[in-house]
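[1] The sequence and its predicted three-dimensional model are supplied below.
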Amino acid sequence: MSGILILILALPPEVHEVAESVDWLSGQVPPSAQQAKPLPGGGLNPALVEMMNRALPESKGPPYIIGDTPNETLKITGTWEWNGDIFIVDSGVLLVQGGSLIVRGNIYAMDHGRFLIYDGTARYPQMFTYQWATVLTEDAHMEVRRSVFDYNNLPYNLSASDNAYVIWDTVTTRGWTTAGCWGRPSVSLRKVNVAGEWLFADSCVATFKDIDTLLAWFFYGQGATVDFTFPGWNNISVFEMRDGIPGVSGIRYQVRIDTTRYCMWAAVIQPGCSVAFRDSRLRTVGIMGLGSDSQNLSGLVNGTSYVDFVLPMTDRYFRLVNTSVMTWSLYPADNFKLTFDHCIVGEVLTMDNAVAWGESYLLDGTGGHFEAGGNSFNIAIMTSMTCEIYTRDHGIAFLGLVGIPTAYGGIWARNTSRLILAECQFPGRPVAYDSSLIWVMGIDEPYYAGTQSYVPIIGTATIIQGPLAPWGRFDHYSIYWAPAEDTTNWHPIGNPHNNPVWRDTLAIWDTHGLGLGTYILKLVLCDDSPDSLAINDIIILNYEDTTGAVGEATGARATDLRVISGPRGTALELTLASGGRVELSLYDITGKRVSLLCARELEGGRHIFPVNAKPGIYLARLAAEGRAINRKLLIR
């Protein structure tokens, strides 16, 4: 009998190419990002864009179908809950009449289906950003009057495409709506407190009246020619964006905004357009990449006022004259590759099969978040971020040498996506959902250490696995050292290490016999596929450690503290010349006291204190008879 061994690697070759190309040693400290005021929503999120192409979000529960029986209506007058998707098909009707609809899933209305809410509440108890959506296609109809949308104070997606029809009249939202209008939908909103952000493309027709807060996104694509000035954001009486108004041609959508207290302006600039804005204040400018082109960018800075600026991209013309941009956002799609550096931007999203490679930039979260969706690859090297970070679908994100002082909304992965955090600093612990995998690896300390010592290497080596991931589990990690001037021969440090480590001791490096100088540490993280990633870090041995170690000579002739090790573990032997008050403490290498072994009166003589602690280097400190004795001990 013969067989074939098929290796399915958890990470595609492109990830290894990126890891090998990163200069792990020259830049140990990423730039510092200052948190700015973010949008309540997520900007132009790919989940919404992909709905246009029928790439829909997923739900865990069973579907509920309304309309598979002719003229079927589900009428809700009390409280009705469903854990899963709801499909309104054919001539089906979902009617909330004075009741409360609670849905843990998506709502799809298609054919001639109708989703109606009168004097009621629709609640979507989301746990994270854009977890679910309402999707209207074909000739679907959505009508909401004197009602409330409750998104659990998180952004929620709404997509209207084809010939869908949307009416909201006297509506309160709790959260933030991110809505896209594709195809030929008709949209009418009146008396809405926070309408959220609405994206206008294709041939949609939209009217807004008596709105409190709105962010209007206008797409300018192939053939669009624009030379335009936007009004201020406050107290909009009447505003129109359509083909044929002064300075605008080549667009098919028609948008009218009437009597709105606060309206912000945003534009999505696509290849093939010629757009100039003058004397305007823009909330966001999104640079979208389409097709299979490659472009480079540098020097975009949020919150900048431009006297006369032309975007340095050859596939489109975009000019700003006496115009300010609060947030620049980057959106590579299709097979587009965008390379950028030295920017301050508000959002970086990749979708479809696109690639974004960004270095030395700040992502301040003013436009949304950092994301890799579809089959895209989003790479961030030597950056700083203060925003939500996540991957979904089959997307891959590689963050190397990234500082994340604050991750608003968390760090997480969904579906079958992959997220790699290599030599990154961030709060909390990332979360993996579905079949996703999150690789976390890094050497945190020390940077300086001594020879003739046992040096603890502190860091992280783990793979966080989604509950449905069939493979890609943590298998082991290895650590090696080599002199900086000769890395042809790597010396193992107690390899392999078969248990994951989270911000703790990775290994104990015996530096006895080594000379002073600069050394390289290599950390290799391996899964069960088998696959692996390697990173390097610098450590400098710049002094000879004479503070004492395992097996050191005893201290004072009378009162003494000695480390004893044997098959039964490690203990401290205390010899007291005379009785008195004794305090014996154990400290870790960060200086934190992890155990108080003794704090009482003891008689003179010999006393034994067993030490129970995790493997690592510790300092035992004895305070007795008006003096202190320190001893270093190694627990294996």
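    Everything's here; your move. Owing to the predicted nature of the structure, the values given are computational and were not obtained by experimental measurement. Numbering: from 1, shown residues only.

[2] going forward, measure contacts between C-alpha atoms and count neighbours the same way
    Fine.

[3] For stretch 91-110, measure first residue to last.
    Start and end residues of stretch 91-110 are separated by 9 Å (C-alpha to C-alpha, to the nearest Å).

[4] should've said stretch 76-96
    End-to-end distance for stretch 76-96: 5 Å, by C-alpha to C-alpha.

[5] What are the buried residues along it?
    76, 83-96 (16 or more other C-alpha atoms under 10 Å).

[6] Ok, stretch 322-333 next?
    Within stretch 322-333, the residues scored as buried using 16+ other C-alpha under 10 Å are Thr323, Ser324, Val325, Met326, Thr327, Trp328, Ser329, Leu330, Tyr331, Pro332, Ala333.

[7] if we look at that stretch, which residues are touching it?
    Stretch 322-333 is contacted from outside by 277-291, 300-308, 338, 344-356, 366-367, using C-alpha atoms under 8 Å, 6 or more residues apart in numbering.

[8] Give the PyMOL command for selecting the buried subset of these.
    Entered in PyMOL, the line below selects the buried ones among the contacts of stretch 322-333, by 16+ other C-alpha under 10 Å:
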select buried, resi 277+278+279+280+281+282+283+284+285+286+287+288+289+290+300+301+302+303+305+306+338+344+345+346+347+348+349+350+351+352+353+354+355+356+366+367
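
[9] returning to that earlier point: which ones among the buried residues of stretch 76-96 map onto helices?
    Taking DSSP state H, every one of the buried residues of stretch 76-96 sits outside helices.

[10] gap between Gly286 and Ala267?
    According to C-alpha to C-alpha, Gly286 and Ala267 sit 6 Å apart.

[11] Could you do Thr177 as well?
    Distance from Thr177 to Ala267, by C-alpha to C-alpha: 18 Å.

[12] pull the longest helix from this protein.
    Secondary structure assigned by DSSP H gives helix 13-21 as the longest helix of the chain.

[13] Output it as PDB, restricted to C-alpha atoms.
    Presented in PDB, the C-alpha positions along helix 13-21 are these (Å, rounded to 0.1, in the frame of the first residue of the first chain):
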ATOM      1  CA  PRO A  13       3.900  31.800   0.300                       C
ATOM      2  CA  GLU A  14       3.300  35.500   0.200                       C
ATOM      3  CA  VAL A  15       3.200  35.700   4.000                       C
ATOM      4  CA  HIS A  16       6.700  34.000   4.200                       C
ATOM      5  CA  GLU A  17       8.000  36.400   1.600                       C
ATOM      6  CA  VAL A  18       6.800  39.400   3.600                       C
ATOM      7  CA  ALA A  19       8.300  38.000   6.800                       C
ATOM      8  CA  GLU A  20      11.700  37.400   5.100                       C
ATOM      9  CA  SER A  21      11.700  40.900   3.600                       C
END
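
[14] Check which residues of it are buried.
    For helix 13-21, by 16+ other C-alpha under 10 Å, it's Val15, Ala19.

[15] what about the closest residue to Tyr454 other than its chain neighbours, neighbour count?
    Excluding the flanking residues, the one nearest Tyr454 by C-alpha to C-alpha, 6 or more residues apart in numbering is Asp510, at 4.6 Å. The local packing of Asp510 (other C-alpha atoms under 10 Å) involves 15 other residues.

[16] cool, the one 5 residues further on as well?
    The local packing of Gly515 (other C-alpha under 10 Å) involves 15 other residues.

[17] how about the closest residue to it other than its chain neighbours, what does it touch?
    Computed as C-alpha to C-alpha, 6+ apart, the closest residue to Gly515 that is not its neighbour in sequence is Thr451, at 6.8 Å. Neighbouring residues of Thr451 by C-alpha under 8 Å, 6+ apart: Thr511, His512, Gly513, Leu514, Gly515, Leu516, Leu541, Asn542, Tyr543, Glu544, Asp545.

[18] And the next helix or strand past the one helix or strand in the chain whose mean pLDDT sits lowest?
    In the chain, no helix or strand scores lower on mean pLDDT, DSSP states H and E than helix 46-51, which sits at a mean of 55. Next along the chain after helix 46-51, taking DSSP states H and E as the criterion, comes strand 64-66.

[19] what's that next one packed up against?
    For strand 64-66, the elements it packs on are strand 86-88, judged by 3 or more C-alpha pairs under 8 Å, 6 or more residues apart in numbering; DSSP states H and E.

[20] What average pLDDT does the strand it packs on get?
    Average pLDDT, strand 86-88: 96.

[21] i'd like the first residue to be 651 from this point on
    Right, with 651 as the first residue, what we last looked at is strand 736-738.

[22] Could you spell out the sheet neighbours of that strand, each with its direction?
    Strand 736-738 has its sheet partners listed here by DSSP bridges as strand 714-716 (parallel), strand 757-759 (parallel).

[23] tell me the most buried of these?
    Of all these, strand 757-759 carries the top mean neighbour count, a mean of 24, counting by mean count of other C-alpha atoms under 10 Å.

[24] hang on, Gln776 packs against Arg754?
    Yes. Contact criterion C-alpha atoms under 8 Å: Gln776 and Arg754 qualify, at 7.3 Å.

[25] I figured Asn1280 hits Leu1272, correct?
    Yes. Assessed by C-alpha under 8 Å, Asn1280 is found in contact with Leu1272 at 6.4 Å.

[26] overlap in contacts of those two?
    Leu1211.

[27] Can you list the buried residues in stretch 771-784?
    Thr771, Ala772, Arg773, Tyr774, Pro775, Gln776, Thr779, Tyr780, Gln781, Trp782, Ala783, Thr784.

[28] any idea how far the nearest residue in space to Leu751 that is not next to it in sequence lies from Asn733?
    Distances taken as C-alpha to C-alpha, 6+ apart put Ala772 closest to Leu751, at 4.7 Å, once the chain neighbours are dropped. Using C-alpha to C-alpha, Ala772 is found at 14 Å from Asn733.

[29] Quick check: neighbours shared by these two?
    Any residue near both Ala772 and Asn733 by C-alpha under 8 Å, 6+ apart counts here, and that gives Val753.

[30] Find the helix or strand that Phe858 is a member of.
    Short version, using DSSP H and E: Phe858 is in strand 855-870.

[31] Name the next helix or strand following that strand along the chain.
    On the C-terminal side of strand 855-870, the nearest following helix or strand under DSSP H and E is strand 875-878.

[32] which secondary structure elements does that next one contact?
    Counting contacts by 3+ C-alpha pairs under 8 Å, 6+ apart, strand 875-878 packs against strand 898-899, strand 924-928.

[33] Tell me the strands beside the strand holding Phe858, with direction?
    Strands flanking strand 855-870 in the sheet, each with its direction: strand 836-850 (parallel), strand 904-919 (parallel) (DSSP bridges).

[34] I'd like those strands as TSV, with distance to Asn1028 and mean pLDDT appended.
    Compiled in TSV, the strands paired with strand 855-870 are given as follows (distance: least, C-alpha to C-alpha, whole Å; pLDDT from 0 to 100):
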stretch	distance to Asn1028	mean pLDDT
strand 836-850	23	96
strand 904-919	20	97
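
[35] Quick check: which of those has the most neighbours on average?
    Of all the strands paired with strand 855-870, strand 836-850 has the most neighbours on average by mean count of other C-alpha under 10 Å, namely a mean of 22.

[36] returning to that earlier point: out of the contacts of Thr1101, the closest to Asn802 would be?
    Of all the contacts of Thr1101, Asn802 sits closest to Leu1191, with 52.6 Å by C-alpha to C-alpha.

[37] then whichever helix or strand that closest one is part of to CSV, C-alphas only?
    Secondary structure from DSSP H and E places Leu1191 in strand 1182-1194. Output of strand 1182-1194 as CSV, limited to C-alpha atoms (Å, rounded to 0.1, in the frame of the first residue of the first chain):
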residue,chain,number,x,y,z
SER,A,1182,6.3,28.2,10.4
LEU,A,1183,7.3,31.8,10.6
ALA,A,1184,10.6,33.3,11.9
ILE,A,1185,11.5,36.7,13.3
ASN,A,1186,14.8,38.1,14.6
ASP,A,1187,15.6,40.4,17.5
ILE,A,1188,18.7,42.0,19.0
ILE,A,1189,20.1,41.5,22.4
ILE,A,1190,23.3,43.2,23.7
LEU,A,1191,25.5,41.5,26.3
ASN,A,1192,27.2,44.6,27.7
TYR,A,1193,28.2,43.6,31.2
GLU,A,1194,29.4,40.6,33.3
